[in-house]
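K.L.:
Below is the sequence, then the predicted model.
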Amino acid sequence: MGRATRILRIPSDRRRVELPLPTGLTRRKPRVYQEWKALKDWGKLPAWNSEPPGYLLRELRENADLTQTTMSERLDCSQQAIAQAERWGANPTAKFMQLWAAAVGQDLEFRFRRRKPRDSVLLIEPK
């Protein structure tokens, strides 16, 4: 992807002026699933972009070649519940994700690990 620029057209001169976009902007609108998946598959997903649980659940279901209807039958819930769980802002429970993983023939593993101290942390001592 190239450098983002904004083109401002001035009708009186008919000349183009290219201005760089402001830095520090963050994406507020969630990515659509297809864009998120393509970037993830290509290894181009930005580091600041989280892996939303709903999209991960949808990816698991699609990799198992299951429809939302089939998945709803396996989980004994409605198709609408499956669609809601696969949204960007979904917040599924751990139990629901374990059931989902079992329905697609996967294991779900939760791990806690000790954080490594960061070298870049600056500690300021009081004077």
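P.N.:
Structure received.

K.L.:
so what pLDDT did Gln34 get?
P.N.:
pLDDT for Gln34: 87.

K.L.:
With Glu59 instead?
P.N.:
Note on Glu59: pLDDT of 94.

K.L.:
Verify the contact between it and Lys37 for me.
P.N.:
Yes. With contact defined as Cβ atoms under 8 Å, Glu59 counts as touching Lys37 (6.6 Å). Backbone N, C-alpha and C define where each C-beta goes, glycine included.

K.L.:
ends of stretch 104-115, how far apart?
P.N.:
31 Å (Cα to Cα, to the nearest Å).

K.L.:
buried set for it?
P.N.:
For stretch 104-115, a neighbour-count test (16 or more other Cβ atoms under 10 Å) marks Val104 as buried.

K.L.:
which residues touch the helix or strand encompassing Gly54?
P.N.:
Following DSSP states H and E, one finds Gly54 within helix 53-63. Residues outside helix 53-63 that contact it (Cβ atoms under 8 Å, 6 or more residues apart in numbering) are 33, 36-37, 68, 71, 82, 85-92, 97, 100-101, 104, 106.

K.L.:
again, only using 6 Å
P.N.:
Applying Cβ atoms under 6 Å, 6 or more residues apart in numbering, the contact partners of helix 53-63 are Tyr33, Trp36, Met71, Ala85, Glu86, Arg87, Trp88, Ala90, Pro92, Trp100, Val104.
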